[in-house]
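S.K.: Build the 3D model from these lines:
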Amino acid sequence: MDILVDDEPDTCMVYQMTLEDAGYECISYTDPVKALQEFRLAYYNLILLGIKMFELCEKIREVDRAVHIIFITATEQYYERFRTQHYPELVNYI
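M.R.: Purely as a prediction, here's the structure:
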C-alpha cells in the first residue's frame, strides 16, 4: 500500500490513477492533517509527498523512521526553494 499527499486535488488524481494503472494500491489525501491521522506504522511501502509537505514528512518521521518517502513536484519554483532550504548540502549535486 502506498500513500500520496499533495495539496492539489488534480495532481493527486493523476498520480493515483497512474499508480493504480501500474498495479499499485494507493490512497491519496489533499489534507496533510488527515493523512497524518490516518498514517499507520509499518503499513505503507512508500509515501509520495507534494514538495510543500516537508512539515508532514518531519511528523511522519517521528512515527516511522524507516518508511520510504519521495517528494514530488510539478513546478520548478517549489523545487528550487525546497532543495536550498531543506537540503543545502545537495545543491551542487542535483
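S.K.: got the residue ranges for the helices in the chain?
M.R.: Under the criterion DSSP state H, the chain contains helices at 9-21, 32-38, 54-63, 76-86.
S.K.: Pipe the ones you listed into CSV and attach mean pLDDT per row.
M.R.: Shown next, in CSV, are these (pLDDT from 0 to 100):
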stretch, mean pLDDT
helix 9-21, 92
helix 32-38, 93
helix 54-63, 91
helix 76-86, 72
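S.K.: burial of residue 37, as a residue count?
M.R.: For residue 37, the neighbour count with other Cβ atoms under 10 Å is 9. For every residue, glycine as well, the C-beta is placed using N, CA and C.
S.K.: same deal with the one 5 residues further on?
M.R.: Applying the criterion other Cβ under 10 Å, we find 9 residues in the vicinity of residue 42.
S.K.: Identify the residues contacting it.
M.R.: Counting by Cβ atoms under 8 Å, 6 or more residues apart in numbering, residue 42 makes contact with 64, 66, 67.
S.K.: Of the residues you listed, which is the most crowded?
M.R.: Neighbour max across these (other Cβ under 10 Å) = residue 67, 18 neighbours.
S.K.: Could you report the distance from that residue to residue 14?
M.R.: 23 Å (Cβ to Cβ, to the nearest Å).
S.K.: Residue 8 too?
M.R.: Taking Cβ to Cβ, one finds residue 8 at 9 Å from residue 14.
S.K.: Equivalent analysis for residue 2, please.
M.R.: Using Cβ to Cβ, one gets 15 Å for the distance from residue 2 to residue 14.
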